[in-house]
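Asker: Return a 3D structure for these sequence lines:
(2 chains)
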There are 2 protein chains.
Amino acid sequence: MTLLVVSSGKLEVLRNEGRVSSVLPGSQEPGIFLPALGIIADMKTDIPDLHPQGVGRGCNDAEASTTTLTETELASETVFKGRLMHVKCDRVRLPDGRESTREYIVHPGAVVVIPVFDNGDLLLERQHRYPLHRDFIELPAGKIDPGEDDLACAKRELEEETGYTAAEWREVTTIYPCIGYSDERLAFYLAKGLKEGNHGRDHDEFLEIFRLPFAEAMQWVRDGRICETKTVIGLFWLEKMLQQGW
Amino acid sequence: MTLLVVSSGKLEVLRNEGRVSSVLPGSQEPGIFLPALGIIADMKTDIPDLHPQGVGRGCNDAEASTTTLTETELASETVFKGRLMHVKCDRVRLPDGRESTREYIVHPGAVVVIPVFDNGDLLLERQHRYPLHRDFIELPAGKIDPGEDDLACAKRELEEETGYTAAEWREVTTIYPCIGYSDERLAFYLAKGLKEGNHGRDHDEFLEIFRLPFAEAMQWVRDGRICETKTVIGLFWLEKMLQQGW
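Answerer: Purely as a prediction, here's the structure:
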């Protein structure tokens, strides 16, 4: 048995320690995800660069990987278009040549703002989320308007939802919250130099805003009081930025 | 102006430092989210317990909060039911008494497994995700079958997708990935004492599994190579469990 271990930018091949399988044993692609085919002959154990230039925050990894797992579109149909939600069902070709269908939501993408006061406190929101019939504690966030720039959206959403503007903005990361059934993309921004003003919430947008020390917020992640994906990721990432220079 | 700050289990009221607004200024509810109404008369500044018993990992916070932001169901209709996806559109009563509609996905919930080898390496997957037309690096995960227990599902999914079984299981947390338009719940489990076996993937489930040192995985989160919500949260949480006893 052969096990592939990626370590310090090198691909190492270990034997008799476990089994890593590929469902596509014919695949011969080079790269990070060389399939393990029992004892691999002529395996390159020195892969020059597993962190190539260009594989950065924008998740470009997919381009670098040849795509033996790829499903390709044969036909695409809108099966529901509501006030906000757009659902498609596509007929696809699977990697083994057979056909299947894939149902998913078409989403315009959204931004998440991590607003931090000068003393390190966070600006958070409490909002009712109807699908789960409960309130959640959240970072400010909102959907990107057609043609709108991510940063412009971040600035707009922070001010609309909280009334605050920020003097300093920093792009943080991009996360995909729901890859199984939505093409939603979440662009995270850090906002500092906060200054209060007047909010401009949508008429059916009901929320409360409040201020919370960072350590308290992390405790709320731990005890499950903060349990919503964009907020949990935003807080973990903020801790990395504060403590380890991310 | 009055600002509410939750600090060390006490609610503190600061003046002239910022503005926290409520869209429901008539609200008089006690608790964490007391609305700030300019200068608040008779404000209790000593809230006895902001971490009450029973507000734990399962996100029971909603029950503790009186719900001035709540939207209530007036009517509910299935607007799309596909092979996997179930979309509803409900007519709701907003907090201000008006009506609106809410579109959302009904989801059975899912489990996420954080499989850690004895030496600290992670067992990860690469999988194509059609909605985004690219591959993602992911923790093993899968939907809960009707009537299935979370832990039973975690064990089943780990074995089906990777062939591995685990001797030691620990419940980690519950996260809601997509609260704006889905009722999906993600139950996270740590799996240790891994032992290889044979996978039993679904016929249209194509994926590769591989092993990655933990430090490398965290670097991949930082550089955006790992950028999918359940995996990012699972890795951050694992680091907290390893380093800070979460």
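Asker: Check whether the single longest helix found in chain A comes near chain B.
Answerer: Longest helix of chain A, by residue count under DSSP state H: helix A:229-244. Yes. With CB under 8 Å from any CB of the partner chain as the criterion, chain B is reached by helix A:229-244 at A:229, A:232-233, A:236, A:240. (C-beta placed from N, C-alpha, C; glycine too.)
Asker: So which of those residues wins on neighbours?
Answerer: A:Ile233 (26 neighbours; other CB atoms under 10 Å in any protein chain shown).
Asker: do you know how far it is from A:Ile175?
Answerer: 6 Å (CB to CB, to the nearest Å).
Asker: Which residues are in contact with each of these two?
Answerer: A:188, B:229, B:232 (CB atoms under 8 Å, 6 or more residues apart in numbering or on different chains).
Asker: what's the spacing between the last one and chain A?
Answerer: If you measure B:Val232 against chain A using CB to the nearest CB, to the nearest Å, the figure is 6 Å.
Asker: looking at it, that residue is touching A:Leu235, isn't it?
Answerer: No. Between B:Val232 and A:Leu235 there is no contact under CB atoms under 8 Å: 12.0 Å.
Asker: what is in contact with the two at once?
Answerer: Joint contacts of B:Val232 and A:Leu235 (CB under 8 Å, 6+ apart) do not exist.
Asker: picking that back up, go through the shared contacts of A:Ile233 and A:Ile175 and say which is closest to B:Arg102.
Answerer: Set against B:Arg102, the nearest of the shared contacts of A:Ile233 and A:Ile175 by CB to CB is B:Thr229 (22.0 Å).
Asker: now that closest one: how far from A:Tyr176?
Answerer: From B:Thr229 to A:Tyr176 the distance is 7 Å (CB to CB).
Asker: Chain A: strands as residue ranges?
Answerer: A:2-7, A:10-15, A:72-81, A:86-93, A:99-105, A:110-115, A:122-129, A:134-138, A:141-143, A:165-175, A:186-195, A:207-212 (DSSP state E).
Asker: most centrally placed residue in chain A?
Answerer: A:Ile175 (1.4 Å; CA atoms, centre = their mean).
Asker: contacting residues for that one?
Answerer: A:Ile175 neighbours (CB under 8 Å, 6+ apart): A:185-186, A:188, A:230, A:233, B:227-229, B:232.
Asker: how does it look with 7 Å?
Answerer: A:Ile175 makes contact with A:186, A:188, A:233, B:227, B:229, B:232, according to CB atoms under 7 Å, 6 or more residues apart in numbering or on different chains.
Asker: do A:Thr229 as well
Answerer: Contacts of A:Thr229 by CB under 7 Å, 6+ apart are A:177, B:175-177, B:229, B:233.
Asker: circling back to that earlier point, now, which of the shared contacts of A:Ile233 and A:Ile175 sits nearest B:Gln219?
Answerer: Using CB to CB, the shared contacts of A:Ile233 and A:Ile175 come closest to B:Gln219 at B:Val232, 12.8 Å.
Asker: so where is chain A shaky, pLDDT-wise?
Answerer: A:1-67, A:202-205 (pLDDT under 70).
Asker: rerun that using 50 as the cut-off
Answerer: In the predicted model of chain A, residues A:1-66 satisfy pLDDT under 50.
Asker: hmm, back to that, now do the longest helix of chain A and strand B:186-195, the angle between them.
Answerer: Angle of helix A:229-244 versus strand B:186-195, following axes from the mean of the first three to the mean of the last three CA atoms, to 10 degrees, is 60 degrees.
Asker: quick one: buried residues of stretch A:219-227?
Answerer: With burial defined by 16 or more other CB atoms under 10 Å in any protein chain shown, the residues of stretch A:219-227 counted as buried are A:220-221, A:223-227.
Asker: Can you list which of these are found in helices?
Answerer: Filtering the buried residues of stretch A:219-227 for helices - DSSP H - leaves A:220-221.
Asker: any chance of the buried residues of stretch A:219-227 in JSON lines, plus distance to chain B?
Answerer: Converted to JSON lines, the buried residues of stretch A:219-227 look like this (distance: CB to the nearest CB, whole Å):
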{"residue": "A:Trp220", "distance to chain B": "9"}
{"residue": "A:Val221", "distance to chain B": "8"}
{"residue": "A:Asp223", "distance to chain B": "6"}
{"residue": "A:Gly224", "distance to chain B": "4"}
{"residue": "A:Arg225", "distance to chain B": "5"}
{"residue": "A:Ile226", "distance to chain B": "9"}
{"residue": "A:Cys227", "distance to chain B": "4"}
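Asker: In the sheet, which residues pair with A:His86? Tell me.
Answerer: A:Lys81 (DSSP bridges).
Asker: Next, the contact list for it, please.
Answerer: A:78, A:105-106.
Asker: Now list the buried members of the residues you listed.
Answerer: Buried by 16+ other CB under 10 Å: A:Ile105, out of these.
Asker: For the closest residue in space to A:Leu151 that isn't next to it in sequence, give its distance to A:Asp118.
Answerer: Spatial nearest neighbour of A:Leu151, chain neighbours left out: A:Trp169 (6.2 Å); criterion: CB to CB, 6 or more residues apart in numbering or on different chains. To A:Asp118, A:Trp169 is 15 Å away according to CB to CB.
Asker: More neighbours: those two, which one.
Answerer: Taking neighbours as other CB under 10 Å, A:Trp169 and A:Asp118 compare with A:Trp169 leading, 16 against 8.
Asker: I'd like to know how far A:Glu171 sits from A:Phe188.
Answerer: On the measure of CB to CB, A:Glu171 and A:Phe188 end up 8 Å apart.
Asker: Comparing the two, which residue is more hemmed in?
Answerer: A direct count of neighbours by other CB under 10 Å for A:Glu171 and A:Phe188 places A:Phe188 higher, at 24 against 14.
Asker: can the shared contacts of A:Ile233 and A:Ile175 go into CSV with extra columns for distance to B:Asp145?
Answerer: As requested, the shared contacts of A:Ile233 and A:Ile175 are exported to CSV (distance: CB to CB, whole Å):
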residue, distance to B:Asp145
A:Phe188, 34
B:Thr229, 22
B:Val232, 26
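Asker: If we only consider the residues you listed, which is nearest to B:Asp96?
Answerer: A:Phe188 (31.2 Å).
Asker: Need the nearest residue in space to that closest one, chain neighbours excluded.
Answerer: Leaving out its chain neighbours, the residue that sits closest to A:Phe188 by CB to CB, 6+ apart is A:Val172, at 3.9 Å.
Asker: so what's that neighbour up against?
Answerer: Neighbouring residues of A:Val172 by CB under 7 Å, 6+ apart: A:114, A:188-190, A:237.
Asker: quick one: it from A:Phe236, how far?
Answerer: Taking CB to CB, one finds A:Val172 at 11 Å from A:Phe236.
Asker: Same question for A:Phe80.
Answerer: 34 Å.
Asker: Which among the strands of chain A is found nearest to B:Leu74?
Answerer: strand A:122-129 (15.1 Å).
Asker: quick one: stretch A:192-200 to chain centroid distance?
Answerer: 26 Å (CA atoms, centre = their mean, to the nearest Å).
Asker: Could you confirm whether it reaches chain B?
Answerer: Yes. Stretch A:192-200 lies within reach of chain B by CB under 7 Å from any CB of the partner chain, at A:196, A:199.
Asker: So A:Ser182 sits against A:His107, correct?
Answerer: Yes. Using CB atoms under 7 Å, A:Ser182 is in contact with A:His107, at 5.4 Å.
Asker: Surely A:Pro131 and B:Cys178 touch.
Answerer: No. Using CB under 7 Å, A:Pro131 is not in contact with B:Cys178; the gap is 8.2 Å.
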